[in-house]
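>>> test case, fold it:
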Amino acid sequence: MIDERIVTKAIVESYTKKLLSSLELDVAICGAGPAGIVAGYYLAKAGLKVALFERKLSIGGGMWGGGMMFNEIVVQEEAKALLDELDINARLYTEGYYVADAIECVSGISIKAIKAGLKIFNLVSVEDLIVRENKVTGIVINWTAVEMASLHVDPLTIASRFVVDSTGHPVEVVKVLERKMNVKLFTPSGKIEGEKSMWANVAETTTLENTKEVFPGLYVAGMSANATFGSYRMGPIFGGMLLSGKKVADLIIKRCT
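Numbers count the residues shown, from 1 in each chain. Sure, this is the predicted structure:
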């Protein structure tokens, strides 16, 4: 016998417990693309209290589709060790280039991150930030469905020692800070520099260089890093994205220990 009341109660109680345990975090990650999930894995593995918030139904960002819906991705030599650590098969294509199944990558990284202790909340949008004394100290969340329907429903808040913007090309979280607070970012102009056209070789290098703190308490990773600091896009080569997630985790871990 299946009692629908028990099913409903189990879901509501379990989700509520997960949300209550995430109201005060060490790190709140905004955007569940490859950089965000990898960051979540390493942060959780280090014992930090971390949650990831994704506005869409699915996590994984653009990695699911590979290149133009050919669901394979390419990583370079430097990222191969990271995929090996996560038990994801990357096959040598030619010297310096490895091919991996996009579905295996998203699924494999996600399950490793969850097993490490990362909490993931999908269908939740980050609509604002908490800023205290010139430092980001949390995020403001609402259901994505509320946002899409343009309903006037007030949000809730998550306190966090650090926030990571890994929302990709739109760099949504940093945009909120720039628009609402009129602050000076740690960029050459003090504003978001904007994403340039595709140049994979440069983009892969600058993704790591630009993975850093952009305002006290707020870090950028993945394509958000290049969009914030004014570098290029790279297309379906994902080594820089993956390594950016690890780098931002390492930077924050050093701050927390």
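
>>> could you use CA atoms for every contact and neighbour count after this?
Fine.

>>> show me where the protein has helices.
Counting by DSSP state H, the chain has helices at residues 4-20, 34-45, 77-85, 102-116, 144-149, 172-181, 200-209, 223-229, 239-256.

>>> show the contacting residues for Leu92.
Neighbour list for Leu92: 98-99 [criterion: CA atoms under 8 Å, 6 or more residues apart in numbering].

>>> still on that earlier bit, got the helices of the chain as CSV, with mean pLDDT and mean neighbour count columns?
Shown next, in CSV, are the helices of the chain (pLDDT from 0 to 100; neighbours: other CA atoms under 10 Å):
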stretch, mean pLDDT, mean neighbour count
helix 4-20, 98, 11
helix 34-45, 98, 29
helix 77-85, 94, 15
helix 102-116, 97, 19
helix 144-149, 98, 14
helix 172-181, 96, 17
helix 200-209, 96, 20
helix 223-229, 98, 29
helix 239-256, 97, 22
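
>>> any chance of the ones you listed in TSV, with distance to Gly217 too?
Converted to TSV, the helices of the chain look like this (distance: least, CA to CA, whole Å):
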stretch	distance to Gly217
helix 4-20	22
helix 34-45	15
helix 77-85	26
helix 102-116	23
helix 144-149	24
helix 172-181	12
helix 200-209	18
helix 223-229	15
helix 239-256	10
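
>>> and those: which comes nearest Ala51?
Minimum separation from Ala51 across the helices of the chain (CA to CA) falls at helix 34-45, 7.3 Å.

>>> those strands in the stretch 51-200 of the chain, which residues are they?
Listed in chain order, the strands of the stretch 51-200 of the chain (DSSP state E, counting those that start in this stretch) span residues 72-76, 90-94, 97-101, 119-122, 124-131, 136-143, 156-165.

>>> any idea how far Ala159 lies from Val140?
9 Å (CA to CA, to the nearest Å).

>>> same thing with Ile103?
31 Å.

>>> before we move on, what about Ser166?
Applying CA to CA, the value for Ser166 to Val140 is 16 Å.
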